[in-house]
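Trainee: Give the three-dimensional model of this entry:
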Amino acid sequence: MLSSTTIARTTLSATRSLVRPSCVLARNYSTSSSSSHSHGVTQADVDAEPRFLECFKAFFDKAAALSNLKPGTLSNMKECKNVLRVEFPIKNEHGDIDIITGYRAQHSLHRVPCKGGIRFSNEVDLQEVMALASLMTYKCAVVDVPFGGAKGGVRIDPKKYTVAQREKITRSYALALCQKNFIGPGLDVPAPDMGTGEQEMSWIVDTYRAFNTNDVDSAACVTGKPISAGGIRGRTEATGLGVFYGIREFLSYEEVLKKTGLTPGIRGKTVVIQGFGNVGYWAAKFFEEAGAKIIAIAEHNGAVHNPEGLDIDALLKFKLQHGTFIDFPGSTSIADSVKALEIPCDILIPAALEKQIHIGNAHRINAKIIGEAANGPMTPRADEILLNKGVVIIPDLLLNAGGVTVSYFEWLKNLSHVRFGRLNKKWEESSKKMLVDFIEKGLNRKIGDAEKNLIIHGADEVDIVRSGLDDTMTNACAETRKSANEKNTDYRTAALYNAIMKIKAVYESSGNLFA
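Mentor: Sure, this is the predicted structure:
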């Protein structure tokens, strides 16, 4: 029997009564209890740092102080509007019944639909889902994606269930979303997150269609789908590519180069990445192709280090074969993977879980730039420590927005029912060929076939997607830089300030019904 609870306008006190008291830092990436902490910090101090939701609210309050908005308006922006909690049974491999708990949080409805991923993890709880939903609202605003923020999760370890069992879990969760009106192309559009992917999104679309047979736009009820189910080319690598674009932009800013002592551009920079999932792999791949040295990569079960640079594709092949990085040829293995965060480098990219940089290790971070590819990888106190050290921090709500940006493009594709480039590619190629022929005639010489084909080539869907992502990240980085300089503040605060002011403009233009 399916049970559910809908909580409107969830408050912090309600959050504390509903969430489990376990600390996020107990995860696989966490610092072991035997690890020493600098500056007299104990493990108890680390464990006592705010939970993810409170961390985000602390960052929000810092930015809100620059806005001069009324407290009531800011409170309205900060709190989650709706939260759904569901429970349903699933038979496990032993024939016993497991009760599965799932959540969906809708943080803001100032723009619809809401947008946010669905994660499958044993660590999913209400406060995490609400925090991630909050982050999504401001992330969308920073990059001018017209969505409200949402997030969902199912508290399971997906590796412990068969494909058939995961399908039942996914469909049961999707059914609950359908029953409670928490999914739809114009309501709430989920996407993949940790522990989920294209397959889960396909199951959700199929379940939604079974209950919405007349919805011609049903493919737009989720994003991150396979191409065969209405997905978009370029979505898989979008978050990692967005991370690359963002850091590339900051490495062109004079004040960043002066502060870090780095030269312009990616080439020659040393990079350490925590996390080698989808985001970590693609970020590493793009940095490697641009001439950077990926000197260390960490996963939950170990890290590898090579000062001369790692071969990313060879490392991926090794990991797929052995299930670990340990003993990768030509590298030094690090058993305590969190220690990789402390390796001296130009750019540190945490692309794993939240709260990986905290008061226990912030003083030992030796990076000049930290690019937050993960959601919430740094606590407020660690942020303060690193800013005081002169580290440039490019925040998560800006840097990892590539995923939601390309999800927006996929949603637009599904609503328009046509592949990007289908209507104009051949016309574009024909126009370019005429131009090339004219140039050849005027110069009285032929251009080589390879060069001619490169010039004439019309934009494919992936070309359009990457161009749109590049433009989006370039503009968002420039806006963040501008506000940081004008307000004399850090980039996280500047990005959140921009998001707050954009949301405020929506509220002002539309009014506030029943206020």
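
Trainee: pretty sure residue 469 contacts residue 239?
Mentor: No. The pair residue 469 and residue 239 does not pass the contact test of CB atoms under 8 Å, sitting 9.8 Å apart. Every residue, glycine included, has its C-beta placed from N, CA and C.

Trainee: who's more crowded, the two?
Mentor: Set side by side, residue 469 and residue 239 show more neighbours around residue 239, with 28 against 25, by other CB atoms under 10 Å.

Trainee: Wait, that one touches residue 280, no?
Mentor: No. Using CB under 8 Å as the test, residue 239 is too far from residue 280 to be in contact (9.7 Å).

Trainee: Quick check: residue 384 vs residue 289, distance?
Mentor: Distance from residue 384 to residue 289, counting by CB to CB, to the nearest Å: 35 Å.

Trainee: Compare those two (neighbour count), which wins?
Mentor: Here residue 384 and residue 289 are compared on neighbour count by other CB under 10 Å; more neighbours surround residue 384, at 15 against 11.

Trainee: Mind checking what secondary structure the more buried one has?
Mentor: Using DSSP: H, G, I helix; E, B strand; the rest coil as the criterion, the local structure at residue 384 reads helix.

Trainee: sorry, back to before: where do the contact lists of residue 239 and residue 280 overlap?
Mentor: Here residue 239 and residue 280 have residue 373 as joint contacts, going by CB atoms under 8 Å, 6 or more residues apart in numbering.

Trainee: Quick one: neighbours of the residue nearest to residue 394 when sequence neighbours are not counted, just the number.
Mentor: Nearest non-adjacent residue to residue 394, counting by CB to CB, 6 or more residues apart in numbering: residue 371, 4.7 Å away. Applying other CB under 10 Å, we find 27 residues neighbouring residue 371.

Trainee: Only the buried residues of stretch 412-429, if you could.
Mentor: 413, 414, 419, 420, 421, 425, 429 (16 or more other CB atoms under 10 Å).

Trainee: Could I get these in TSV, plus columns for distance to residue 146, secondary structure and pLDDT?
Mentor: Formatted as TSV, the buried residues of stretch 412-429 follow (distance: CB to CB, whole Å; DSSP: H, G, I helix; E, B strand; the rest coil; pLDDT from 0 to 100):
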residue	distance to residue 146	secondary structure	pLDDT
413	15	helix	96
414	15	helix	96
419	22	coil	92
420	18	coil	89
421	23	coil	87
425	27	helix	88
429	32	helix	85
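
Trainee: Farthest from the middle of this protein: give me that residue.
Mentor: Distance from the C-alpha centroid of the chain, by CA atoms, centre = their mean, peaks at residue 444 (51.7 Å).

Trainee: re the thing from before, any chance of the buried residues of stretch 412-429 in JSON lines, plus distance to residue 41?
Mentor: What follows is these, written out as JSON lines (distance: CB to CB, whole Å):
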{"residue": "413", "distance to residue 41": "49"}
{"residue": "414", "distance to residue 41": "49"}
{"residue": "419", "distance to residue 41": "53"}
{"residue": "420", "distance to residue 41": "50"}
{"residue": "421", "distance to residue 41": "53"}
{"residue": "425", "distance to residue 41": "57"}
{"residue": "429", "distance to residue 41": "61"}
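
Trainee: where do the strands sit along the stretch 351-500 of the chain?
Mentor: Counting by DSSP state E, counting those that start in this stretch, the segments of the stretch 351-500 of the chain that form strands are 367-371, 392-394.

Trainee: Indicate which one of the ones you listed is closest to residue 174.
Mentor: Closest to residue 174 of the strands of the stretch 351-500 of the chain, according to CB to CB: strand 367-371, at 33.7 Å.

Trainee: Going by contacts, tell me the helices and strands next to the closest one.
Mentor: Judged by 3 or more CB pairs under 8 Å, 6 or more residues apart in numbering; DSSP states H and E, strand 367-371 is in contact with helix 238-250, helix 254-260, strand 345-350, strand 392-394.

Trainee: Throw those into TSV and include distance to residue 276 and mean pLDDT, thanks.
Mentor: Output for the helices and strands packed on strand 367-371, formatted as TSV (distance: least, CB to CB, whole Å; pLDDT from 0 to 100):
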stretch	distance to residue 276	mean pLDDT
helix 238-250	11	96
helix 254-260	25	95
strand 345-350	11	96
strand 392-394	20	97
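
Trainee: Residue 492: which of the ones you listed is closest?
Mentor: strand 392-394 (6.1 Å).

Trainee: what lines up beside the closest one in the sheet?
Mentor: Counting by DSSP bridges, the strands paired with strand 392-394 are strand 367-371 (parallel).

Trainee: ok and the partner strand relative to strand 345-350, angle-wise?
Mentor: 30 degrees (axes from the mean of the first three to the mean of the last three CA atoms, to 10 degrees).

Trainee: avg pLDDT for the helix ranked longest in the chain?
Mentor: In the chain, assigned by DSSP state H, the helix with the most residues is helix 461-487. Computed over helix 461-487, the mean pLDDT rounds to 96.

Trainee: by contact count, what packs against it?
Mentor: helix 126-142, helix 238-250, helix 396-399, helix 402-416, helix 491-510.

Trainee: Next, the buried residues of it.
Mentor: Neighbour-count burial for helix 461-487 flags 461, 463-466, 468-470, 472-473, 476-477, 479-481, 483-484 (criterion: 16+ other CB under 10 Å).

Trainee: about what we covered before: now the two most distant members of the buried residues of stretch 412-429.
Mentor: Every pair of the buried residues of stretch 412-429 checked by CB to CB; the farthest is 414 and 429, at 26.0 Å.

Trainee: Spit out the residues that contact residue 469 and residue 239 alike.
Mentor: Common neighbours of residue 469 and residue 239 (CB under 8 Å, 6+ apart) are residue 402.

Trainee: Just the C-alphas of stretch 270-290, formatted as CSV.
Mentor: In CSV, the C-alpha atoms belonging to stretch 270-290 read as follows (Å, rounded to 0.1, in the frame of the first residue of the first chain):
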residue,chain,number,x,y,z
THR,A,270,48.1,21.1,-12.8
VAL,A,271,44.7,19.7,-11.9
VAL,A,272,43.5,17.4,-9.0
ILE,A,273,40.0,15.9,-9.3
GLN,A,274,38.0,14.2,-6.6
GLY,A,275,35.5,11.9,-8.1
PHE,A,276,35.7,9.9,-11.3
GLY,A,277,32.0,9.4,-12.2
ASN,A,278,30.4,11.1,-15.1
VAL,A,279,31.3,14.7,-14.1
GLY,A,280,34.8,13.9,-12.9
TYR,A,281,35.7,11.9,-16.0
TRP,A,282,34.4,14.4,-18.5
ALA,A,283,36.0,17.3,-16.7
ALA,A,284,39.3,15.5,-16.7
LYS,A,285,38.9,14.6,-20.3
PHE,A,286,38.3,18.2,-21.4
PHE,A,287,41.2,19.5,-19.3
GLU,A,288,43.5,16.9,-20.7
GLU,A,289,42.6,17.7,-24.3
ALA,A,290,43.2,21.4,-23.6
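
Trainee: okay, residue 3: pLDDT?
Mentor: 44.

Trainee: swap that for residue 300, sorry
Mentor: Residue 300 is given a pLDDT of 85.

Trainee: For residue 340, see how far away it is.
Mentor: In terms of CB to CB, residue 300 sits 12 Å off from residue 340.

Trainee: Look at the two and report which has more neighbours.
Mentor: Taking other CB under 10 Å, residue 300 and residue 340 do not tie; residue 340 has more neighbours (22 against 17).
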